[in-house]
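Colleague: take this sequence and fold it.
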Amino acid sequence: MRGAISFRLALVAAGLAMAGLFLLPSSEERILAGEKLTVSIRPHVMSRTGAARFGLLQWRGGLKLAANDAHFGGFSGLVTDRAGTRFVALSDHGWWWRAAFAHDDRGFLAGLKVSGAVAPVLSSQGARLHGRWRDGEALAPFDERGLDGPLLAAFERHVRLGLYDWGRRGPKAKARYLFLPPGVKRARENGEIEAVARFWTGPRKGWFIAAGEKNFDERGNIRAWLWRGRDIRRFAIARRGKFRVTDMAVLPDGLGFITLERRFSRKMKGLPGFALRLFRSGGLHAGAVLTGRVLMQASWPLQAIDNMEALALYRAAGGELRLIIMSDDNYNRYLQSTLVLEFALPGAVLSGMLDGRSRGSGEGKKTSVPLSFH
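Modeller: Numbers count the residues shown, from 1 in each chain. Below you'll find the predicted structure:
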């Protein structure tokens, strides 16, 4: 009798499943819910000589990360919480990675508190991104809440800027697409928009800022845009050698912004390198060419670096400004790595540069750059 009852229950369950009323989670549903990661963590020292200072920045630790998961890697955008602990990274293949950094008693980056999970970035309709729609290149906080508020995500190929209600919805947030200046799209494919940010305080409160990677003006400078609503101000960032802007982040007080610039070729044309530059917000106006101030520059093989693409800022407990940068391994795990490097910018140095006391700030230099706002 019991065998007959069990058989009948199995038939009922099968019928309900066929009717769509009783479904086991599909692989797609499991992916949308997020996949937990097991991450390999190794300490990483950038200097081969044990240096603790790089240009104007001080070393605060590094990590080399790896995971046996096809969705891990390719990170081009990074945002942390206000304590620099919890974070989310955005990948070139349209995935979020949520985790948390750990720091030691000295305040140095020491590992991960939580290895976290990966989950797909969703469209405005709540669907996964595929093909040319998934190329996430930049991630930035919308306001002072950082990771606990909305996030801006910029995409190349099919160029667009999405706003995600991350603070309330996390990886389940759907995109709400925002206005982008038309000129942002007028560049070589896969080089349209590489960096985006928004000022939530300071003299440019409420304004967005963006720059391309391969979008150069007639003088070879990097085209960039400042806009609020439909009010667009085009300016340029003076290019240094073969470096290209790959990310930017606004200072917490809105008085300036920092760019991460890389020199990298997957065809190994030249040695990899990266640089960080500081700009004052007061120099942002239509037609300006900004030179800023180089905070540091690193080159392989003198320094152990990779294809550094993502930048996030936060203030540590002692008040110093921290910069965290992360590499994009291009999913080429045999030759490249996912590195996380952390630096500190002393408060006195930062204040001096923002007050205009540093040499060669080059801010607000007017040039003959056309003022047509595209």
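Colleague: point out where the stretch 101-250 of the chain drops to low pLDDT.
Modeller: Per-residue confidence for the stretch 101-250 of the chain (pLDDT under 70) gives these ranges: 187-192.
Colleague: quick one, strands of it?
Modeller: 109-120, 136-141, 151-155, 160-164, 176-178, 195-198, 208-216, 222-228, 231-237, 244-250 (DSSP state E, counting those that start in this stretch).
Colleague: and the ones you listed: which comes nearest Phe274?
Modeller: The closest of the strands of the stretch 101-250 of the chain to Phe274 is strand 244-250. By C-beta to C-beta, the value is 8.0 Å. C-beta: built from backbone N, CA, C; applies to glycine.
Colleague: quick check: mean pLDDT of the helix or strand just after that closest one?
Modeller: Per DSSP states H and E, the first helix or strand lying C-terminal to strand 244-250 is strand 256-263. For strand 256-263, mean pLDDT rounds to 96.
Colleague: got a list of contacts for the one helix or strand Leu339 maps to?
Modeller: Per DSSP H and E, Leu339 falls inside strand 338-345. When contacts are defined by C-beta atoms under 8 Å, 6 or more residues apart in numbering, strand 338-345 is touched by residues 44, 46, 54, 56-66, 72-73, 75, 101, 108-109, 276, 295-296, 305-306, 308, 316, 320-327, 329.
Colleague: which of those residues are buried?
Modeller: Burial by neighbour count, 16 or more other C-beta atoms under 10 Å: within the contacts of strand 338-345 this picks out 44, 46, 54, 56-66, 72-73, 75, 101, 109, 276, 295-296, 305-306, 308, 320-327, 329.
Colleague: so which of those residues sit within strands?
Modeller: In strands, defined here by DSSP state E, the members of those are 54, 57-66, 75, 101, 109, 276, 295-296, 308, 321-327.
Colleague: need the strands of the stretch 101-250 of the chain in a markdown table (columns: distance to Leu290).
Modeller: Output for the strands of the stretch 101-250 of the chain, formatted as a markdown table (distance: least, C-beta to C-beta, whole Å):
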| stretch | distance to Leu290 |
| --- | --- |
| strand 109-120 | 30 |
| strand 136-141 | 18 |
| strand 151-155 | 20 |
| strand 160-164 | 22 |
| strand 176-178 | 24 |
| strand 195-198 | 13 |
| strand 208-216 | 10 |
| strand 222-228 | 8 |
| strand 231-237 | 5 |
| strand 244-250 | 11 |
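Colleague: highest mean neighbour count out of the ones you listed?
Modeller: Neighbour counts (mean count of other C-beta atoms under 10 Å) averaged over each of the strands of the stretch 101-250 of the chain peak at strand 136-141, with a mean of 27.
Colleague: for that strand, packing partners?
Modeller: For strand 136-141, the packing partners by 3 or more C-beta pairs under 8 Å, 6 or more residues apart in numbering; DSSP states H and E come out as strand 75-80, strand 86-91, strand 151-155, strand 195-198, strand 244-250.
Colleague: compute the inter-axis angle for the last one and strand 208-216.
Modeller: Think strand 244-250. 170 degrees (axes from the mean of the first three to the mean of the last three C-alpha atoms, to 10 degrees).
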